[in-house]
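1. next one to model:
(one chain, ligands or ions: 1)
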Amino acid sequence: MAVDAGGAANVVRQELGSDLRGEVVCPGEAGYDTARAVFNGMIDRNPLAVIRSMDTSDVIRSITFARRHDLPRSVRGGGHSIAGNGVGDRAVMLDLSGMKSVRVDPEKSTVRAEPGLTLAEFDHATQAFGLATTLGVVSMTGIAGLTLGGGLGWLNGRYGLACDNLISADVATADGQLLRASAQENEDLFWGIRGGGGNFGVVTSFEYQLHPVDRVLAGGLSYPLSTAPEVLRFYDDFVKAAPDELSTAASLGFSPTGEPTVSITVCYCGPIDDGEQVLRPLRAFRSPADDTIQPVPYTDLQNAPDDAYPFGRLHYWKSGWLRDVTDRSIETLMQFVPQMPSSVSGVGLQQMHGVASRVAPTATAFAHRAEQYDFLILSQWSEPTDSDRNIRWTRALFEAMQPYLEESVYVNNLGDEGPARVHAAYGDNYARLAAVKAAYDPDNLFRANHNIEPSTDIASGIE
Ligand SMILES: Cc1cc2nc3c(=O)[nH]c(=O)nc-3n(C[C@H](O)[C@H](O)[C@H](O)COP(=O)(O)OP(=O)(O)OC[C@H]3O[C@@H](n4cnc5c(N)ncnc54)[C@H](O)[C@@H]3O)c2cc1C
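-> I've put the predicted structure just below:
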């Protein structure tokens, strides 16, 4: 039966209706615009139907339905992909945001978590037991896309990336099977989902290793932007020599009161007294305009920036890995940041450090392992009429930073930037990822993502 936009509602309901626990929302129906909305307000796509899956069975039935009708599909976890990959025009959109079951095993320090959870919901469940694992730094983000692409957050120095803490996952594949991926089962799939994004199927359950995390010594130091050359040079030397327990980020932009500012945010995950000692030189090297570093519950740190990233603002990002903060790169930043067209945008250097940086580049699909920064120009604004100048400024700064950036990029920061940038995101692991893709999704049915084309040119040997 052919399915077009007009007839979608009937066909989906006829074939899936009573088989689903979740609801179906089609064009023209109440709630359709809410159901298709994603974090980045630049994305305005019209799926054929949104299937709000409530369980694994809904997911498998939806995959089978889309396959039967040869329909493109997209998968939405937390909906925060900046490229808007959770939603596609004329696609069957599998919305997993209702799948929020989470079960902590405090004895084993593990958790099973469904893909609709946000970071805040996940942390809420695990912190009840004094446990946590690395996720990201804005708590409304979804755990699913974040983990599948890597997952760089405040615990990365001590405990690695989110994907490094994955023990297993249930994956519904293109042919409607449900596979367990772990170090013992479907090892190549397990390797691929730790950095290869949603290319191989729909993850319906993640199992993570947790760690004892209580209060952390965390907060920010801010300084006038004019001092950025001195601050960033000190920062680069200091954090590279810091112990694994310390993870940090630096950012340039405007303070809430409109002052051009450079700031450093830190999280020391270890004994508070040790942290005080470690951070002393950073807090003392120059007097900050503000110092908010103090012992805080881990969830307070995780939730702190949420208000700065409301759902639905217009976003345009450019990013790349940065190994060193050089004088020339700081000069470039000093030239551009004061001209930033939106006061709520920012330029960030999120540190990859310690354990996350020492994992072998081929041990998981996440290839970019080094002591380095995820350099991100995060432009956001509210009015569509401001889009052109914000995009122009972002591109110009990114261009000017090219001599200092690696060619590679973090896949979870990518917009719709073309195949060369997708290759750069998967780096030297691309060929092996293509082989895993050929094994689990040979017809490339899961392509609403930073797509890996299936290829059997190399064998996907597992290390
Ligand atoms: C404000 C903000 C802050 C961020 N901060 C960080 C950070 O600190 N650290 C970091 O590492 N990243 C960060 N990110 C990037 C983030 O990792 C990505 O946006 C990620 O895609 C979010 O996952 P999601 O589930 O919300 O996204 P979605 O848009 O729902 O999904 C992203 C991709 O994953 C696929 N996908 C989602 N769920 C599944 C599933 N269950 N099975 C298979 N495929 C699936 C989707 O199809 C899509 O291709 C941030 C993003 C934003 C917007």
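
2. now the residue in the stretch 251-400 of the chain that the ligand sits nearest to: closest residue in space, sequence neighbours ignored.
-> The nearest approach of the stretch 251-400 of the chain to the ligand comes at Y309, 3.8 Å away (C-beta to the nearest ligand atom). Bear in mind the C-beta positions are built from the backbone N, C-alpha and C, glycine included. Here the nearest residue to Y309 in space, its sequence neighbours aside, is V138; by C-beta to C-beta, 6 or more residues apart in numbering that works out to 5.3 Å.

3. ditto for R67
-> Closest to R67 by C-beta to C-beta, 6+ apart is L445, at 6.4 Å.

4. up against the ligand, what does the chain have?
-> 39, 74-82, 85-86, 96, 115, 136-138, 141-142, 144-146, 148-153, 197-198, 202-203, 309, 412, 448-449 (C-beta under 6 Å from any ligand atom).

5. filter those residues down to just the ones in strands.
-> S74, V75, R76, V202, V203 (DSSP state E).

6. please identify which two of the residues you listed are farthest apart in space.
-> Farthest-apart pair in these is S74 and V203; separation 14.4 Å (C-beta to C-beta).

7. show me how far stretch 395-412 is from its chain's centre.
-> 18 Å (C-alpha atoms, centre = their mean, to the nearest Å).

8. using CSV, list the CA coordinates for it.
-> Extracted in CSV, the C-alpha atoms of stretch 395-412 (Å, rounded to 0.1, in the frame of the first residue of the first chain):
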residue,chain,number,x,y,z
ARG,A,395,31.4,30.8,9.8
ALA,A,396,34.0,33.6,9.7
LEU,A,397,35.3,32.8,13.2
PHE,A,398,35.5,29.1,12.3
GLU,A,399,37.4,29.9,9.1
ALA,A,400,39.8,32.1,11.0
MET,A,401,40.4,29.3,13.6
GLN,A,402,41.2,26.7,10.9
PRO,A,403,45.0,26.9,11.3
TYR,A,404,44.7,26.0,14.9
LEU,A,405,42.1,23.3,14.8
GLU,A,406,42.5,19.6,14.0
GLU,A,407,40.7,18.4,10.9
SER,A,408,38.5,16.2,13.1
VAL,A,409,35.3,17.2,14.8
TYR,A,410,33.1,15.8,17.6
VAL,A,411,30.1,14.1,15.8
ASN,A,412,27.6,15.3,18.4
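
9. neighbouring contacts of it?
-> Applying C-beta atoms under 8 Å, 6 or more residues apart in numbering, the external contacts of stretch 395-412 come out as 81, 145-146, 149-152, 195, 197, 318-324, 326, 328-329, 332-333, 335-336, 347, 367-368, 372, 374-375, 377, 421-422, 424-427, 450.

10. tell me the mean pLDDT over that stretch?
-> When pLDDT is averaged over stretch 395-412, the result is 98.

11. A360 contacts R369, correct?
-> Yes. Counting by C-beta atoms under 8 Å, A360 touches R369, with 6.9 Å between them.

12. compare these two and say which is more crowded by neighbours.
-> R369 (20 against 9; other C-beta atoms under 10 Å).

13. please report how far the more buried one lies from C163.
-> 12 Å (C-beta to C-beta, to the nearest Å).

14. please apply the same query to K240.
-> For K240 relative to C163 (C-beta to C-beta), the value is 23 Å.

15. of those two, who's got more company?
-> Comparing K240 with C163 by other C-beta under 10 Å, the one with more neighbours is C163, at 25 against 13.

16. for the residue nearest to the more buried one when sequence neighbours are not counted, what are its contacts?
-> Excluding the flanking residues, the one nearest C163 by C-beta to C-beta, 6+ apart is R194, at 3.8 Å. Contact partners of R194, counting by C-beta under 8 Å, 6+ apart, are L148, C163, D164, L166, T364, A365, F366.

17. okay, stretch 20-29 in CSV with CA atoms only?
-> Provided in CSV are the C-alpha atoms of stretch 20-29 (Å, rounded to 0.1, in the frame of the first residue of the first chain):
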residue,chain,number,x,y,z
LEU,A,20,1.0,0.1,19.7
ARG,A,21,1.0,1.2,23.3
GLY,A,22,2.1,4.6,22.2
GLU,A,23,0.1,7.2,20.2
VAL,A,24,0.4,8.2,16.5
VAL,A,25,0.3,11.8,15.5
CYS,A,26,-0.1,12.8,11.9
PRO,A,27,-0.1,16.1,9.9
GLY,A,28,-3.1,18.2,10.6
GLU,A,29,-3.8,16.5,13.9
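
18. any weak-confidence spans in the stretch 1-150 of the chain?
-> 1-8 (pLDDT under 70).

19. mind listing the strands for it?
-> Along the stretch 1-150 of the chain, counting by DSSP state E, counting those that start in this stretch, strands occupy 24-25, 49-52, 73-76, 92-95, 102-105, 110-113, 131-132.

20. how far is stretch 157-177 from where the chain is centred?
-> 14 Å.

21. ugh, wrong one, stretch 353-366
-> Here stretch 353-366 is found 16 Å from its chain centre; the criterion is C-alpha atoms, centre = their mean.

22. buried ones in it?
-> Neighbour counts over stretch 353-366 (16 or more other C-beta atoms under 10 Å) mark H353, G354, V355, A356, S357, V359, T364, A365, F366 as buried.

23. out of the residues you listed, which are inside helices?
-> Secondary structure from DSSP state H places G354, V355, A356, S357 of the buried residues of stretch 353-366 in helices.

24. widest-spaced pair of those?
-> V355 and S357 (7.4 Å).

25. got the contact list for the closest residue to R447 other than its chain neighbours?
-> Nearest residue to R447 in three dimensions, chain neighbours excluded: P72, at 7.3 Å (C-beta to C-beta, 6+ apart). P72 makes contacts with A66, G88, R90, A91, V92, R447, A448, as judged by C-beta under 8 Å, 6+ apart.

26. one more time with 10 Å, if that's ok
-> For P72, the contacting residues are 47-48, 66, 88-93, 445-448, by C-beta atoms under 10 Å, 6 or more residues apart in numbering.

27. out of those residues, who's the most crowded?
-> Neighbour tally across these (other C-beta under 10 Å): the maximum, 30 neighbours, falls on P47.

28. I'd say that residue and V75 touch.
-> No. In this structure, P47 is not within contact of V75 by C-beta atoms under 10 Å, at 11.4 Å.

29. and the strands of the stretch 1-150 of the chain, which is most packed in?
-> Across the strands of the stretch 1-150 of the chain, averaging neighbours per residue (mean count of other C-beta atoms under 10 Å) puts strand 73-76 on top, at a mean of 28.

30. returning to that earlier point: what do R369 and C163 both touch?
-> In contact with both R369 and C163: A356, V359, using C-beta under 10 Å, 6+ apart.
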